[in-house]
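K.L.:
predicted model follows, preceded by the sequence.
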Amino acid sequence: MSETSETVRRPPLGLLCTAQFMLTLDFAILNVALPSIQRDLGFTDAALQWVVGAYALFYGGFLLLGGRLGDLFGRKRLFVGGLVLFTAASLVGGFATDPIVLVVARALQGLTAAAVSPAVLALIASGFTEAKERAKAMGIFGAVASAGFTGGVLFGGILTEYLGWRSVMWVNVPIGILLIARALKRLDADHGVARRGRVDLPGATLVTVGMCAIMYALTVAADQGWSSAGVVWPLAVGGVLLVAFVWLQARVSTPLVPLSIFANRAVTAGNAIAFLSGGVMSISTFFMSVYMQEVLGYSAIQTGLAFFPQAFVVVLASKNVAQMTGTRGARPVLIGGAVLLTAGSLLLTGIPVDGSLWIHIVPGGVLQGLGVTVMMISTAVAATYGVAGPRMGLASGLYTSSRQLGVGLWLAIGVTASGLAAGSGIEAFHTAFWLAAGLSVLIAALSFLIPATKKPAAPARPPLLQRRCPPTSTRGACP
């Protein structure tokens, strides 16, 4: 039955946003706990990166497939099934006594998150169809996702300090169980999914293996160097596979990604901006964490608390950003957000060795937080604008894949270009934030490609004072 022939009840927004918060929190929360994990489980320096890298590899590699599977087989099925496996992986990872067990658990978390995350965005975008209501819902979604991304450092520091690193994994278990129970009860059966379709297995294989190869190269690039065989070959293989994927999609009858979706200018520009803004977010969060701990000597808790003003601004500003996006459209809001990102990044290019939290960190961080809020909300609106319900999961997967690929690629480039691993000193942080500023300027330029939202014409109103003929009048007109 088609989407238009059914009465579609809006999905429970709080449930979906809580799930997204858990996923984004989990992506960032382990960074502060890495030293404790290394001491407890005996990770080598080279192997430790896979605690984060395994999650990023499978999450980024399977996002596009996960989004399309939701369109074909049901977003509720992908949402609930993914949460079940994600919760189980979190439980197993918390009990890990061997590095391999923890890395495998993190890989399973990333794989299942690649099914849940596109389903969340697709359910929101297809359930809130009116422009202002969708912008409001996306505002809440963006605020929660941004708060999870920046708040992961804060919560990770507190949990690691007082309860140990295992609590960082176990915190997902009660949240996941609650979400599963609520989803089974409150989330309606899927509407508007193309269940008659079939999975393009050759295309799915090409894009998934290609994305995984690229994500692998980005994960090891900072440690091995961009010119090493372990980076060059995966990048080359991944690039060839993605080119072959595009070639195949133009020729098969049931493509995994119909290329016609890119004829929608808002979708194309929104994904390009998501790719760049993911880089700004990852560079800023990573380099600020390292700066505060390695240069200023902050503890894990102090570092987490230093991110609190930024996270607070994200939540506080989300409502206004959503309202502006709904009334003015994504383009002008994105341009303003890019200006904020640029200004915040430029302020951070001058951080000194003996920097002050309130003078050198918070002002730039707050401006970046405002810019990130705009990016999370307005790009999600733009990347799903004008997309039909049966393709909403695909559009959501494309958007999330673009952002995730940007997170990995630009962070790897930032670490290499700054010379952080080579010990180049405070100049490494200056270079990284100059890169973030440059990406922000590109975002501003791309924002002009998003179509302007046309305001509906106001309905004609009768004159304020209008004479009416008496009911008994037989004349052709009122005197």
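P.N.:
Looks like it arrived, so ask away.
K.L.:
list the buried ones in stretch 237-250?
P.N.:
Residues of stretch 237-250 classed as buried by neighbour count (16 or more other C-beta atoms under 10 Å): 237-238, 241-242, 245, 248-249. For the C-beta atoms, the positions are set from N, CA and C on the backbone; glycine is no exception.
K.L.:
contacts for that stretch?
P.N.:
Contacts to stretch 237-250, defined as C-beta atoms under 8 Å, 6 or more residues apart in numbering, come from residues 200, 202-203, 206-207, 209-214, 217, 255-259.
K.L.:
inside helices: which ones of those residues?
P.N.:
Members of the contacts of stretch 237-250 lying in helices (criterion: DSSP state H): 202-203, 206-207, 209-214, 217.
K.L.:
can I have the buried ones of those residues as a ChimeraX selection?
P.N.:
Applying 16+ other C-beta under 10 Å to the ones in helices among the contacts of stretch 237-250, the buried members can be selected in ChimeraX as follows:
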select :203,206,207,209,210,211,212,213,214,217
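K.L.:
what's the farthest-apart pair in the ones in helices among the contacts of stretch 237-250?
P.N.:
202 and 217 (22.8 Å; C-beta to C-beta).
K.L.:
quick one: contacts for residue 27?
P.N.:
55-56, 59, 113, 148-149, 152.
K.L.:
same for the host helix or strand of residue 326, what does it pack against?
P.N.:
Assigned by DSSP states H and E, residue 326 falls within helix 308-328. Applying 3 or more C-beta pairs under 8 Å, 6 or more residues apart in numbering; DSSP states H and E, one finds that helix 308-328 contacts helix 131-163, helix 330-348, helix 362-383.
K.L.:
pLDDT below threshold where in the stretch 51-200 of the chain?
P.N.:
131, 146, 149-150, 189-197 (pLDDT under 70).
K.L.:
ditto for the stretch 251-400 of the chain
P.N.:
Those would be 389, if you go by pLDDT under 70 across the stretch 251-400 of the chain.
K.L.:
tell me the buried residues in stretch 308-320?
P.N.:
Those would be 309-311, 313-315, 317-318, for stretch 308-320 by 16+ other C-beta under 10 Å.
K.L.:
what does stretch 33-50 give?
P.N.:
33-34, 36-38, 41, 43, 48-50.
K.L.:
output the ones in helices among the contacts of stretch 237-250 as a markdown table; include the columns pLDDT and distance to residue 300.
P.N.:
Below are those laid out as a markdown table (pLDDT from 0 to 100; distance: C-beta to C-beta, whole Å):
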| residue | pLDDT | distance to residue 300 |
| --- | --- | --- |
| 202 | 88 | 46 |
| 203 | 85 | 43 |
| 206 | 90 | 41 |
| 207 | 86 | 38 |
| 209 | 89 | 37 |
| 210 | 89 | 37 |
| 211 | 85 | 32 |
| 212 | 85 | 31 |
| 213 | 89 | 34 |
| 214 | 88 | 31 |
| 217 | 86 | 30 |
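K.L.:
let me know the closest of the buried residues of stretch 237-250 to residue 266.
P.N.:
Looking across the buried residues of stretch 237-250 and measuring by C-beta to C-beta, the closest to residue 266 is residue 249, at 20.2 Å.
K.L.:
and the helices in the stretch 51-200 of the chain?
P.N.:
75-94, 99-127, 131-163, 166-170, 172-186 (DSSP state H, counting those that start in this stretch).
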